[in-house]
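Quick one: sequence and predicted model below, then my questions.
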Amino acid sequence: STRSPQEAAPARLAGVLPADIVVHAVTVAPEGFDARFSATARHYRYLLCDRPERLDPLRRREIVAHRRPLDVAAMNEAAGRLVGLHDFAAFCKRREGATTVRTLLRYEWRRLDRPGEPPAGLIEGVVEADAFCHSMVRSLVGAVVPVGEGRRAVDWPRQVLTAARRDPAVTVMPAHGLCLERVTYPEPELLAARAAQARAVRTID
């Protein structure tokens, strides 16, 4: 082939990857790049529908149907109280030697109803952090859903966070509502330093 390895890679990868994964381009990674530790932020979306009778069946594998009406304003207020640098042990599955200290950069909820159309019940949660531990995003969603149902006070998720231990009342929500939308990296010259910083075990004084 007259093509360079990075030019040929997308076509070759297309031959082995499943149909729902598409590689648009391949480039040589900068010196010091680490796909996991060089990242500065991960951006997730979680989709709920509290009007299951209106849920598009073609989207049943990306939206979680919820059979109780949700107060999105209350969920959003509760979510905002979790933003910042905290020990998220209450929302993580612990791993030996790993820290559960994370910086939650953004956690917001909103309805996606379109003006002039009947309410579809579609609700979007946006969760961004410098890093996540196992099951953290789905647990964060599970912490605010009872608030939206009116079964828990707005400050309850914050109380769970402060307790710093797994609470059986927090449901780990289904995986199919979750989507990793993008990962943010610093400028190439900062990649190695960011990776070294991320590998350091963080604590809260």
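Done, it's in. All values derive from a computational prediction rather than experimental measurement.

Look up the pLDDT of residue 4 for me, please.
Per-residue confidence (pLDDT) for residue 4: 88.

Put the alpha carbons of the lengthiest helix in the chain into CSV.
If you go by DSSP state H, the chain has its longest helix at helix 136-149. Only the C-alpha atoms of helix 136-149 are listed here, as CSV (Å, rounded to 0.1, in the frame of the first residue of the first chain):
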residue,chain,number,x,y,z
MET,A,136,-20.0,6.6,39.9
VAL,A,137,-22.2,8.2,37.2
ARG,A,138,-25.0,5.7,37.4
SER,A,139,-24.9,6.1,41.2
LEU,A,140,-25.1,9.9,41.0
VAL,A,141,-28.2,9.5,38.8
GLY,A,142,-29.7,7.0,41.3
ALA,A,143,-29.1,9.5,44.1
VAL,A,144,-31.2,12.3,42.6
VAL,A,145,-34.1,10.2,41.1
PRO,A,146,-35.7,9.7,44.6
VAL,A,147,-35.5,13.5,45.0
GLY,A,148,-37.4,13.9,41.7
GLU,A,149,-40.0,11.4,42.9
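
and this structure, what are its domains?
For the chain, automatic domain parsing gives the domain ranges 1-30, 39-199.

number of nearby residues for residue 59?
Per other CB atoms under 10 Å, the neighbour tally for residue 59 reads 11. In short, each C-beta sits where N, CA and C put it, glycine included.

My guess is residue 87 contacts residue 101. True?
Yes: using CB atoms under 8 Å, residue 87 is in contact with residue 101, at 5.2 Å.

Could you identify which of the domains of the chain is most buried?
Counting by mean count of other CB atoms under 10 Å, domain 39-199 has the highest mean neighbour count of the domains of the chain, with a mean of 17.

low-confidence ranges in this structure?
1, 205 (pLDDT under 70).

Okay, helices next: where are they in it?
Applying DSSP H to the chain gives helices spanning 5-14, 72-80, 136-149, 156-163, 191-199.

for the third one, packing partners?
Using 3 or more CB pairs under 8 Å, 6 or more residues apart in numbering; DSSP states H and E as the contact test, the elements touching helix 136-149 are strand 41-49, helix 72-80, strand 101-111, strand 122-129, helix 156-163.

try 7 Å this time
On a contact count with 3 or more CB pairs under 7 Å, 6 or more residues apart in numbering; DSSP states H and E, helix 136-149 meets strand 41-49, helix 72-80, strand 122-129, helix 156-163.

dump the residue contacts of residue 152.
With contact taken as CB atoms under 7 Å, 6 or more residues apart in numbering, residue 152 is in contact with residue 146.
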